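A.B. asks: Sequence first, then the predicted structure, then my questions.
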Amino acid sequence: MAPTLCAVCKTERANIKRPKNHARVCKGCFITLFEEEVHHTIISSKLFYPGERVAIGASGGKDSTVLASVLKTLNERYNYGVELVLLSIDEGIKGYRDDSLETVKRNAVQYDMPLKIVGYDELYGWTMDQVVETIGKKGNCTYCGVFRRQALDRGAKMLDIKHVVTGHNADDVAETILMNLLRGDMGRLARSTNIVTGDDSSDVKRSKPLKYAYEKEIVMYAHHKKLDYFSTECIYSPEAFRGSARALIKQLERIRPSAILDILRSGEDMARLVPGESASSCGCKGNKSKTPTTAAAEDDGGIGGCGSTGAAGGNEMAAMEKQLRENEAAEGQGLEVDVSKLSLTGKPAETETDGSVPLKPKANSKPVTRQTLGNCKRCGYMSSQEICQACTLLEGLNKNRAQIQI
Amino acid sequence: MSDPKDQTIDITVDFSGGLEILFSNEKHHELSVPAQDAEGKPANVGFLINYLCKTLMTDPRADLFVLGGELRPGILCLINDSDWELEEEDAYVLQPGDNILFISTLHGG
């Protein structure tokens, strides 16, 4: 069989089949296309402004490594004028995070970027190893997810940076959309489609420049650019529900590769039907610059690291909600009467237990449903509650530790 | 001339993206594999995948590599650095000197 020639340059031998459109392209053209598409996403969603300092949530894994590499390339090629910094979270998991942090340290040298590492131990007084020792493996992802979300924001604040980019890819977003669909959680589904979360009134904005990039292409890009990344699974058990959603997505991709971007498109279309939500698809199709929605921390899992994908999403929050429902029930009642909040039916604790700023614009924009951003009484970190999620979890942990010590 | 059943092909097989943990934590393997499958047909990549499970895998979790006798979705296969989707996938017949690379996309970081 004669080798197929690249559909772009028509001279080199094709060696990649693109999942989004079946185009057969050579390595060189693939790398250019991949970079140009990320550039397109950045420009059409107006992700950066000149002079902006941006922290890359870096885990040492493929997604954040590719993100760092592509952003460095594009920043130089197109003069974005942004200052890039690597921000890593050390959850304190021996044999997992300590190894991946070594990769991030090498990346800092390779990409000539400053690196800041913040540890759960310094922020919370607990490493994940100690958390698991205390509460067991079951449910530990909840703690890790809540802690990481806040840790990225806190790390950014330490650096005086207001924008954190994460390596979430199209597969991750499709997976989260599917999970929220399966849970019937349209509010979260809508928010999970946004490329930017957080807004001017929250301290730190989050964005996902690789939102439209296939995981397959991210791995191919890392392979052909010979990027140095770390891949191993978190040693603590990942969540079964996300794992199943992920397996389903991968199986669908095998049969119909465009399914992943199609799920994204469906998610974005459904988001427009949710009251108060206005998730847009790619900004260039019009419909851009939506009302800023949701909390910075709510749907983002932070850097890739938790469970199978790193996109720690709503179901840890759901588990958390369950845990906290009793003590939050009273406040929850108030929310339930708001009929415009379709997604919250029967889930009183949703925004209440969220550790940050549920600035969810309402269609009818009733001020009563808007929560005011305050600070956690305990740690002083921004929170919509008196005591933030992280502190609530810590309280439980510390009680346990006290019991064990006695 | 020896029995065609005993003939082998020399190839190299690489694992990355975390798959190497299933294969004694070695990324690079130089192998002599049977030139034919049990039915006497030339060995292809589909045969190789199952052969690797039987002979090279040191970890019991074979389902992290194969599902239903096929390469697990989410694992990429490159034949001589080309996407196997351009090379007839598992029907590709192994040639001496081939490099077959398996990269998992399934692991976080």
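C.D. replies: Structure received.

A.B. asks: what comes up buried for stretch B:75-90?
C.D. replies: B:75-79, B:82-87, B:89-90 (16 or more other C-beta atoms under 10 Å in any protein chain shown). All C-beta spots, glycine's among them, are computed from the backbone N, C-alpha and C.

A.B. asks: So which of those residues belong to strands?
C.D. replies: Under the assignment DSSP state E, these contribute B:75, B:76, B:77, B:78, B:79, B:82, B:83 to strands.

A.B. asks: Closest to chain A out of these?
C.D. replies: Lowest distance from chain A to these (C-beta to the nearest C-beta) belongs to residue B:82, with 3.7 Å.

A.B. asks: What strands flank the least confident helix or strand in chain B by mean pLDDT, and is each parallel or antiparallel?
C.D. replies: Ranked by mean pLDDT, DSSP states H and E, the weakest helix or strand in chain B is strand B:66-67, scoring a mean of 92. Applying DSSP bridges, strand B:66-67 is found paired with strand B:70-71 (antiparallel).

A.B. asks: Please compute how far the partner strand lies from its chain's middle.
C.D. replies: Relative to its parent chain, strand B:70-71 has a centroid offset of 10 Å by C-alpha atoms, centre = their mean, to the nearest Å.

A.B. asks: Then stretch B:52-70?
C.D. replies: Taking the mean C-alpha point of stretch B:52-70 and that of its whole chain, the gap between them comes to 10 Å (C-alpha atoms, centre = their mean).

A.B. asks: got the end-to-end distance for that stretch?
C.D. replies: Terminal residues of stretch B:52-70 lie 12 Å apart, using C-alpha to C-alpha, to the nearest Å.

A.B. asks: Out of the ones in strands among the buried residues of stretch B:75-90, flag the one nearest to residue A:27.
C.D. replies: Residue A:27 has its nearest neighbour among these in residue B:82, at 9.3 Å by C-beta to C-beta.

A.B. asks: Skip the chain neighbours and tell me the closest residue to that closest one.
C.D. replies: residue A:15 (3.7 Å; C-beta to C-beta, 6 or more residues apart in numbering or on different chains).

A.B. asks: now do residue B:27
C.D. replies: Closest to residue B:27 by C-beta to C-beta, 6+ apart is residue B:20, at 4.8 Å.

A.B. asks: residues near the one you found, how many?
C.D. replies: As a burial measure, residue B:20 scores 19 neighbours (other C-beta atoms under 10 Å in any protein chain shown).

A.B. asks: mind checking how far residue A:192 is from residue A:89?
C.D. replies: Look at residue A:192 and residue A:89: by C-beta to C-beta, to the nearest Å, they are 21 Å apart.

A.B. asks: ok, and the closest residue to residue A:218 other than its chain neighbours, which helix or strand is that part of?
C.D. replies: Spatial nearest neighbour of residue A:218, excluding adjacent residues (C-beta to C-beta, 6+ apart): residue A:66 at 4.9 Å. Per DSSP states H and E: residue A:66 is located in helix A:62-77.

A.B. asks: buried residues in that helix?
C.D. replies: A:62-75.

A.B. asks: Could you tell me which residues of chain B lie near chain A?
C.D. replies: By C-beta under 8 Å from any C-beta of the partner chain, the part of chain B that sits against chain A consists of B:16-18, B:21, B:72-74, B:76, B:78, B:81-83, B:85-86, B:88, B:103-109.

A.B. asks: ok, now with 10 Å
C.D. replies: Counting by C-beta under 10 Å from any C-beta of the partner chain, chain B comes close to chain A at B:16-21, B:64, B:67, B:70-76, B:78-88, B:92, B:101, B:103-109.

A.B. asks: Distance from the helix or strand hosting residue A:89 to the middle of the chain?
C.D. replies: According to DSSP H and E, residue A:89 maps onto strand A:83-90. A distance of 15 Å separates the centroid of the chain from that of strand A:83-90, by C-alpha atoms, centre = their mean.
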